[in-house]
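1. need a 3D model of the following:
(2 chains)
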Protein chains: 2
Amino acid sequence: MQQRSEETRARILDAAVRQFAIAGYNAASVDDVCSEAGVSKGAFYHHFATKQSLFLALLEGWLKTVDLGLESIRQATVPQTLNQMTDLLPAIFATADERLPMFLEFWLQASRDETIWQATIAPYQHYQEYFAKLIEDGMAEGSIKIVDPHITARVIVSLAVGLFLQGVLDPKGADWDKVAKESMHILMNGLAK
Amino acid sequence: MQQRSEETRARILDAAVRQFAIAGYNAASVDDVCSEAGVSKGAFYHHFATKQSLFLALLEGWLKTVDLGLESIRQATVPQTLNQMTDLLPAIFATADERLPMFLEFWLQASRDETIWQATIAPYQHYQEYFAKLIEDGMAEGSIKIVDPHITARVIVSLAVGLFLQGVLDPKGADWDKVAKESMHILMNGLAK
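-> Numbers count the residues shown, from 1 in each chain, chains lettered A, B, ... in the order given. Coordinates of the predicted model:
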């Protein structure tokens, strides 16, 4: 039973990505999502109290994936870790095509709804802290120049957000893998001792 | 008459920013925009053939503003010009609050509609070329290291897009002016001779 319930939840989440992509968050109804997923409304409301809960669950699921990726790449030194990160990008871009409208929906809904805004801002603060800690570690191990770790973390997150957004909007517009590596190369020229 | 016609056009564009922000591009109708602007449908269709034309006119208007800003800041050397650019950001952030939903709508519609995609991608290519030329000028004047100007331009545009998006989503989350200046400082550490 537990396994079947998990499968139903996953089917609803997949259907929601597609429905939000096609019709938009506002226009897509719980009925549309249920029909796309092939589940009853009863089953839907067993898993999600509202359309907004479903939306927040999608955001949370994506963040867990990114966290797992970040945990898996820690290297011997901080500059090596940062360089290694750019190797994650091709995989992210490859799966992002279907998901781009969903990310844009997160941001768009965040600009309209305080609860979604809080949920959308939280991960940025989480990544800020992750990178600030990484920069502090780098200064402690002597591989990174003495900088403001919080400001530097914002710079790294901004660059990642901008690369991601451009890469998914215009996948053929540049060799994004190369751009990501060159970005990190320029940053490291500015940051590494 | 010419002046009144221009005023009507400007009123329609302002009303469209608000309507697209509140209801979204798909949900906002030409009727809603006319009613918000206080103009007849006849007057609307005199200026814009479709809701999509109106949307593209908003995008074009914003690009002209950015172009004027970029033209106005050219300094004696390329590193000085790039540093000067970060002075533009507070003004951009200050006016962006109302416009954020509109930018997100551009990207969201671009992911769904080929015509809007082309119109949304074109300015990125335009800024790529602008910054690639600037980097080439810097290499020619001897102020910038020998790098790939096109890749470097992508890095600068990605950083600007990421800063902009985070700054408008979370205006109080950081001192964005300082983050922008520090970003350029780190980039210049990596790029300037």
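
2. counting contacts, what elements does the helix or strand containing A:Gly138 pack onto?
-> Using DSSP states H and E, A:Gly138 falls within helix A:114-141. Helices and strands touching helix A:114-141, by 3 or more C-beta pairs under 8 Å, 6 or more residues apart in numbering or on different chains; DSSP states H and E, are helix A:51-72, helix A:78-85, helix A:100-110, helix A:149-169, helix B:149-169. C-beta here means a position set from N, CA and C on the backbone, and glycine is covered the same way.

3. which of the residues in whichever helix or strand comes after the fourth one are buried?
-> Right, helix A:149-169. Using DSSP H and E, the helix or strand that follows helix A:149-169 towards the C-terminus is helix A:176-191. By 16 or more other C-beta atoms under 10 Å in any protein chain shown, the buried positions in helix A:176-191 come out as A:176, A:179-188, A:190-191.

4. just those residues that are near chain B?
-> Applying C-beta under 8 Å from any C-beta of the partner chain, the subset of these adjacent to chain B comprises A:Val179, A:Glu182, A:Ser183, A:His185, A:Ile186, A:Leu187, A:Met188, A:Gly190, A:Leu191.

5. pipe these into CSV and attach pLDDT per row.
-> Shown next, in CSV, are those (pLDDT from 0 to 100):
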residue, pLDDT
A:Val179, 88
A:Glu182, 87
A:Ser183, 87
A:His185, 86
A:Ile186, 86
A:Leu187, 87
A:Met188, 87
A:Gly190, 84
A:Leu191, 89
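
6. can you list the domains in chain A?
-> A:1-48, A:51-191 (automatic domain parsing).

7. how many other residues sit next to the closest residue to A:Val157 other than its chain neighbours?
-> Spatial nearest neighbour of A:Val157, excluding adjacent residues (C-beta to C-beta, 6 or more residues apart in numbering or on different chains): A:Tyr127 at 5.1 Å. By the measure other C-beta atoms under 10 Å in any protein chain shown, the count of residues near A:Tyr127 is 20.

8. pLDDT wise, what is A:Tyr127 at?
-> Per-residue pLDDT puts A:Tyr127 at 87.

9. state the distance from it to A:Leu159.
-> According to C-beta to C-beta, to the nearest Å, A:Tyr127 stands 12 Å off from A:Leu159.

10. overlap in contacts, these two.
-> Counting by C-beta atoms under 8 Å, 6 or more residues apart in numbering or on different chains, no residue touches both A:Tyr127 and A:Leu159.

11. now do the buried residues in stretch A:38-55.
-> Those buried within stretch A:38-55 under the rule 16+ other C-beta under 10 Å are A:Val39, A:Ala43, A:Phe44, A:His47, A:Phe48, A:Lys51, A:Leu54, A:Phe55.

12. counting neighbours, which bits of the helix holding A:Gly138 end up buried?
-> Quick answer for helix A:114-141 (16+ other C-beta under 10 Å): A:116-117, A:119-121, A:123-124, A:127-128, A:130-132, A:134-139.

13. where does A:Thr97 land on pLDDT?
-> Not quite, residue A:97 is Asp, not Thr. Reported pLDDT for A:Asp97: 62.

14. pick out the most distant pair among the buried residues of stretch A:38-55.
-> In these, the most distant members under the criterion C-beta to C-beta are A:Ala43 and A:Phe55, with 17.9 Å between them.

15. still on that earlier bit, how about CSV for the helices and strands packed on helix A:114-141, with distance to B:Leu108 added?
-> Output for those, formatted as CSV (distance: least, C-beta to C-beta, whole Å):
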stretch, distance to B:Leu108
helix A:51-72, 15
helix A:78-85, 27
helix A:100-110, 4
helix A:149-169, 10
helix B:149-169, 13
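
16. weakest of those helices in terms of mean pLDDT?
-> helix A:100-110 (a mean of 77).

17. can you name every helix or strand that it contacts?
-> Identification of packing neighbours for helix A:100-110 by 3+ C-beta pairs under 8 Å, 6+ apart yields helix A:2-23, helix A:51-72, helix A:114-141, helix A:149-169, helix B:89-110, helix B:149-169.
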